[in-house]
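Asks: Structure of the sequence below:
(one chain, ligands or ions: 1)
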Amino acid sequence: MSHNAESTAFRSALEVIRAVEPRVADAIGAELTDQRESLKLIASENYASPATLLAMGNWFSDKYAEGTVGRRFYAGCQNVDTVEALAAEHARELFGAAHAYVQPHSGIDANLVAFWAVLADRVESPALKKAQVRQVNDLTEADWFALRRELGNQRMLGMSLDAGGHLTHGFRPNISGKMFDQRSYGTDPATGLIDYDRVAEAAREFKPLILVGGYSAYPRKVNFRILREIADSVGATFMVDMAHFAGLVAGKVFTGDFDPVPHAHIVTTTTHKSLRGPRGGMVLCQPELADQVDRGCPMVLGGPLPHVMAAKAVALAEARRPDFADYAQRIVDNAQALADGLLRRGATLVTGGTDNHLVLIDVSGYGLTGRQAEQALLDSGIVTNRNSVPQDPNGAWYTSGIRIGTPALTTRGLGTAEMDQTAELIHTVLTQTTAGANADGTPSKAKYTLDADLADKVARQATDLLAPHPLYPAINLT
Ligand code: DSN
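Replies: Down below sits the predicted model:
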């Protein structure tokens, strides 16, 4: 691949866009500049390859393709079939999965497809029995009323939000919290780790239909073999949302008990986090759930996005290359170096460290809320996001934590020495930031003071740190 080809492709694309709406072309260019200049530590973001990005910008976007490969509700889907089948094949091979469904537009969509598949497959419904059908499409309207009443009263056991679980695992602000009667398992207050005995106890008491494993802010490995045993002991379906760590599974950093695919009945993921693909979702499952999963569109999803499925095929092909395993290992090495650097400087980390791609700093040790810390770091050119910590006294809006992750910086080529320097920059900002007060003198959870010169100095140091590792080095838009 010549460097010239990538530059030519993106420059030409912007020229074509600029002729119609120059402000969009300018915004796309500005986004590249911003991404190049900031120290991106958002644990759920990454930089997709030029090939992945380019696979999305074409006429596949114009095609309707409801249904699945070879069984479409629209004519003329032969080329969509090609890319969807390719993406699914790469996914099956990469993860060793029996079945892959690559249509979900996001992680939320992938989870909804999975929930529906489990409900449709597992609910011992009088409505279904009465109709003596397995095909939900054959239900009468009366059957549907009965079924809906049952679907509204199913049980899900998942990780609590403040312990690092995700909104879509049965929490009220998400539709899953309306579909399911939810109970959550937390972490051991002393260690911050999942206590599998407590999970087993909760499962015995609650008898969930679905036991959910997976997280968006838990910095440790999860033993999926044990969770599967717990699910089996109460007859639950075991679902894992591996959106955050799919890249570590793909890169064989998480194997054996820590690889969810051989243990779970159904696995969901996004494709754009540590997996480094286009924004989107995916479901992997065991054969018995495949038919229901494939009903995802139109049951749950709008029309599939063939241009994104094309990009998923490209990104999954990239993830099957040997160098992706090296990338995945470096993500974890970098996260551990970042954690060690922070600990050495006196930071408090949830669980005392990490063995995946993310680190959760409890910023109450710096006298700050997550919101104050997030903004002060942003002022200093360091992009992170605030996050609850277990038993967070500041709630989900202000929080007491900052979540940082290494997939993006690792893609740029930063290594463990630079992670130590990153820890120094973060620690400097957090120690120099002071919590502010409200007009009435009470402590504010949002206001803070940070010397502007110091913030500028750190931002310059962050830029210097990035300089030897240019983002998309082959792409020159000027
Ligand atoms: N928004 C994603 C994250 O940041 O973890 C999960 O949905």
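Asks: Leu167 should be in a helix, yeah?
Replies: No. Under DSSP: H, G, I helix; E, B strand; the rest coil, Leu167 falls outside any helix and is assigned coil.
Asks: Give me every residue in the stretch 201-350 of the chain lying close to the ligand.
Replies: Remark: the part of the stretch 201-350 of the chain in contact with the ligand comprises Ser216, using CB under 6 Å from any ligand atom. (Each C-beta comes from the backbone N, C-alpha and C, glycine too.)
Asks: In the stretch 201-350 of the chain, which residue sits closest to the ligand?
Replies: Per CB to the nearest ligand atom, Ser216 is where the stretch 201-350 of the chain lies closest to the ligand, at 3.7 Å.
Asks: Next up, phi/psi of the nearest residue to that residue once chain neighbours are set aside, please.
Replies: On the basis of CB to CB, 6 or more residues apart in numbering, the spatially nearest residue to Ser216 that is not a chain neighbour turns out to be His166, at 4.6 Å. Per-residue torsions, His166: phi -120, psi 150 (degrees, to the nearest 10).
Asks: and the helix ranked longest in the chain, what other elements does it pack with?
Replies: What stands out as the longest helix in the chain, according to DSSP state H, is helix 322-344. Applying 3 or more CB pairs under 8 Å, 6 or more residues apart in numbering; DSSP states H and E, one finds that helix 322-344 makes contact with helix 246-250, strand 358-362, helix 407-412, helix 416-432.
Asks: average model confidence for the last one?
Replies: Going back to what we said before, that points to helix 416-432. The average pLDDT within helix 416-432 is 98.
Asks: Can you show me the CA trace of it as CSV?
Replies: What follows is helix 416-432, C-alpha atoms only, in CSV (Å, rounded to 0.1, in the frame of the first residue of the first chain):
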residue,chain,number,x,y,z
THR,A,416,5.3,1.7,28.2
ALA,A,417,7.8,4.5,28.6
GLU,A,418,5.3,7.0,27.2
MET,A,419,2.6,5.6,29.5
ASP,A,420,4.8,6.5,32.5
GLN,A,421,5.1,10.1,31.1
THR,A,422,1.3,10.1,30.6
ALA,A,423,0.9,9.1,34.2
GLU,A,424,3.1,12.0,35.2
LEU,A,425,1.0,14.5,33.2
ILE,A,426,-2.3,13.2,34.6
HIS,A,427,-0.9,13.2,38.2
THR,A,428,0.4,16.8,37.7
VAL,A,429,-3.0,18.1,36.5
LEU,A,430,-4.9,16.3,39.2
THR,A,431,-2.6,17.5,42.0
GLN,A,432,-2.7,21.1,40.8
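Asks: Just the residues contacting that helix, thanks.
Replies: The contact list for helix 416-432 (CB atoms under 8 Å, 6 or more residues apart in numbering) reads 39, 41, 333-335, 337-338, 340-342, 344-347, 361, 363, 366, 368, 373, 376-377, 379-380, 382, 404, 406, 409, 414, 450-451, 454-455, 458, 461-462, 465, 469.
Asks: That helix: how far from the chain's middle?
Replies: Taking CA atoms, centre = their mean, to the nearest Å, the mean C-alpha location of helix 416-432 is offset from the chain mean by 25 Å.
Asks: any idea which helix or strand comes after it?
Replies: Downstream of helix 416-432, the next assigned helix or strand under DSSP states H and E is strand 434-437.
Asks: Sheet partners, orientation included, of that following strand?
Replies: Paired neighbours of strand 434-437 in the sheet (DSSP bridges): strand 443-449 (antiparallel).
Asks: average pLDDT across the strand it pairs with?
Replies: 97.
Asks: and what of stretch 462-478?
Replies: Across stretch 462-478, the average pLDDT comes to 95.
Asks: Tell me the spacing between Leu41 and the ligand.
Replies: Separation of Leu41 from the ligand (CB to the nearest ligand atom, to the nearest Å): 12 Å.
Asks: actually Ala43, sorry about that
Replies: If you measure Ala43 against the ligand using CB to the nearest ligand atom, the figure is 7 Å.
Asks: same question, Ser400
Replies: Going from Ser400 to the ligand by CB to the nearest ligand atom gives 17 Å.
Asks: Repeat that for Leu167.
Replies: Leu167 is 7 Å from the ligand, by CB to the nearest ligand atom.
Asks: got it, and Asp62?
Replies: In terms of CB to the nearest ligand atom, Asp62 sits 28 Å off from the ligand.
Asks: same thing with Gly158?
Replies: From Gly158 to the ligand the distance is 14 Å (CB to the nearest ligand atom).
Asks: Doesn't that residue belong to a strand?
Replies: Yes. Looking at Gly158 with three-state DSSP, it is inside a strand.
Asks: how about it, what does it touch?
Replies: If a contact means CB under 8 Å, 6+ apart, then Gly158 has Gly165, His166, His169, Gly170, Gln182, Ser184, Tyr185, Leu211, Val212 as its contacts.
Asks: Which of those ranks first by neighbour count?
Replies: Tallying neighbours with other CB atoms under 10 Å puts Val212 at the head of those, with 33 neighbours.
Asks: Could you report the pLDDT at that one?
Replies: Model confidence at Val212 (pLDDT) stands at 97.
Asks: Now it: which helix or strand?
Replies: Assigned by DSSP H and E, Val212 belongs to strand 210-214.
Asks: ok and the longest helix of the chain relative to helix 416-432, angle-wise?
Replies: Helix 322-344 runs at 40 degrees relative to helix 416-432, counting by axes from the mean of the first three to the mean of the last three CA atoms, to 10 degrees.
Asks: Give me the residues contacting helix 322-344.
Replies: Outside helix 322-344, the residues touching it (CB under 8 Å, 6+ apart) are 219, 247-248, 250-253, 274, 276, 318, 349, 352-359, 361, 404-407, 409-411, 414-417, 419-420, 422-424, 426-427.
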